[in-house]
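K.L.:
Please work out how this folds:
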Amino acid sequence: MEATYSAIPRGGYYCSSAESLLLKKGRIFARHRFPVSIPQTRRTSQSSLGLTNGFITPKKNCFKVLSSQKKEIPVLEARSIVELYDALAEHLLSMASVASNPDSKYIVGLAGPPGAGKSTVASEVVDRINMLWPQKASSMDSQVEPLDVATVIPMDGFHLYRHQLDAMENPEEAHARRGAPWTFDPAKLLTCLRTLRNQGSVYAPSFDHGVGDPVEDDIFPELMVHQIVIVEGNYLLLEGVWMEVTSIFDEKWFIEVDIDTSMQRVLQRHISTGKPPDIAKWRIEYNDRRNAELINKSKRNADLIIKSVDF
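P.N.:
I've put the predicted structure just below:
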């Protein structure tokens, strides 16, 4: 079906039967049957979008833009996790398809507390982009066989090594608090992302949970291949030393989730990896919840808040 477009007026409604989400000529356009919103990016501002908040809720297959009394950060809500994945994927796909330079990288920072679902959201969105990309690529150049256009860099690969924790003043505390911001290497992450931005490709580390240490050079976003890179991790929008990392991103996303819900997910994760329930609960209170409370404060630095949906 041929899509029809119309800007969404604040407090008004827009109805359409087509299926997508995109940004065009500095205005908001929507064509989907579930609530969506477009974030402020390095290339677009909220004022140019004509959006002063971003809560969009459904009403008989229409969208209504509501006003928020808090900081004006767009919010994406969906009725199901699948709709959420689809909206994010279609938006990023539109950003890649209109890029004037195929060698350029569109880098998204996806943050949120432990248990928010960052890894799942990143991988599902990337899978959808790569599934849909051949249709876009073939329409642009039928002579070129399309490759995967999107990939993920997890922040887990920038954990400090265990031997680095052993060398700290209080090694026992360092290992107990592993996952806190000071147990990562933001300078190494910044160098990696700067190389990706400036050179178009970089070797990045992954994390081996079985061994408990990073695996160097395990991820390789390629020049002229991966136009979209989602970087996912807890502290990507934190202030202080992390702000230089934040400045690299074209878009900054934050997954908002009730802290008790996220901690219950983390508890189940700990137990599933073999921790006794009492040890898992202790780790939640001693480390994970403290980290989550800190991370939630960085939500104010996001361009888009994604409301968590049950998996």
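K.L.:
what helix or strand is residue 188 on?
P.N.:
Assessed by DSSP states H and E, residue 188 sits inside helix 186-199.
K.L.:
Give me the distance from that helix to the chain's centre.
P.N.:
17 Å (Cα atoms, centre = their mean, to the nearest Å).
K.L.:
which residues are contacting that helix?
P.N.:
By Cβ atoms under 8 Å, 6 or more residues apart in numbering, the residues outside helix 186-199 that reach it are 105, 107, 153, 155, 158, 202, 204, 221, 223, 229, 231, 235, 241-242, 244-245, 248. C-beta: built from backbone N, CA, C; applies to glycine.
K.L.:
Among those, which lie within helices?
P.N.:
Applying DSSP state H to these, the entries found in helices are 244, 245.
K.L.:
Sort out which of the contacts of helix 186-199 are in strands and list them.
P.N.:
The members of the contacts of helix 186-199 that map onto strands under DSSP state E are 107, 153, 204, 229, 231.
K.L.:
Not counting residues beside it along the chain, what's closest to residue 249?
P.N.:
In space, and not counting its chain neighbours, residue 249 is closest to residue 109: 3.9 Å by Cβ to Cβ, 6 or more residues apart in numbering.
K.L.:
backbone phi and psi for that neighbour, please?
P.N.:
phi -100, psi 120 (degrees, to the nearest 10).
K.L.:
Could you pull up the residues touching it?
P.N.:
With Cβ under 8 Å, 6+ apart, residue 109 has these contacts: 231, 232, 236, 237, 245, 246, 248, 249, 251, 252, 253.
K.L.:
do that again at 6 Å, thanks
P.N.:
For residue 109, the residues meeting the contact criterion (Cβ atoms under 6 Å, 6 or more residues apart in numbering) are 231, 236, 249, 252.
K.L.:
For residue 106, give the beta-bridge partners.
P.N.:
residue 228 (DSSP bridges).
K.L.:
wait, doesn't it sit right on residue 250?
P.N.:
Yes. Counting by Cβ atoms under 6 Å, residue 106 does reach residue 250; the two are 5.2 Å apart.
K.L.:
ok, the residue nearest to residue 249 to residue 230 distance?
P.N.:
8 Å (Cβ to Cβ, to the nearest Å).
K.L.:
ok, now residue 300?
P.N.:
Residue 300 is 21 Å from residue 230, by Cβ to Cβ.
K.L.:
repeat for residue 151
P.N.:
8 Å.
K.L.:
And residue 118, by the same measure?
P.N.:
Taken as Cβ to Cβ, the span from residue 118 to residue 230 is 9 Å.
K.L.:
next one: residue 224
P.N.:
Taken as Cβ to Cβ, the span from residue 224 to residue 230 is 19 Å.
K.L.:
Kindly report the same for residue 82.
P.N.:
Where residue 230 is concerned, residue 82 sits at a distance of 18 Å (Cβ to Cβ).
K.L.:
which of the two has more neighbours?
P.N.:
Neighbours per residue (other Cβ atoms under 10 Å) separate residue 82 from residue 230, with residue 230 holding more: 26 against 13.
K.L.:
looking at it, that one is touching residue 152, isn't it?
P.N.:
Yes. With contact defined as Cβ under 6 Å, residue 230 reaches residue 152; the gap is 5.1 Å.
K.L.:
any common contacting residues for those two?
P.N.:
Joint contacts of residue 230 and residue 152 (Cβ under 6 Å, 6+ apart) are residue 122.
K.L.:
measure the closest residue in space to residue 149 that isn't next to it in sequence to residue 183 for me?
P.N.:
In this structure, residue 149 finds its nearest non-sequential neighbour in residue 133, 4.5 Å apart by Cβ to Cβ, 6+ apart. According to Cβ to Cβ, residue 133 and residue 183 sit 36 Å apart.
K.L.:
Compare those two (neighbour count), which wins?
P.N.:
Neighbour count, other Cβ under 10 Å: between residue 133 and residue 183, residue 133 has more, with 21 against 18.
K.L.:
Report the secondary structure state of the more buried one.
P.N.:
With DSSP: H, G, I helix; E, B strand; the rest coil as the basis, the three-state label of residue 133 is helix.
K.L.:
do you know how far it is from residue 253?
P.N.:
Look at residue 133 and residue 253: by Cβ to Cβ, they are 20 Å apart.
K.L.:
go on, residue 124?
P.N.:
13 Å.
K.L.:
Neighbour count for those two, which is higher?
P.N.:
residue 253 (26 against 19).
K.L.:
Which of the three states applies to the more buried one?
P.N.:
With three-state DSSP as the basis, residue 253 sits in strand.
K.L.:
For it, name its beta-bridge partners.
P.N.:
residue 110, residue 304.
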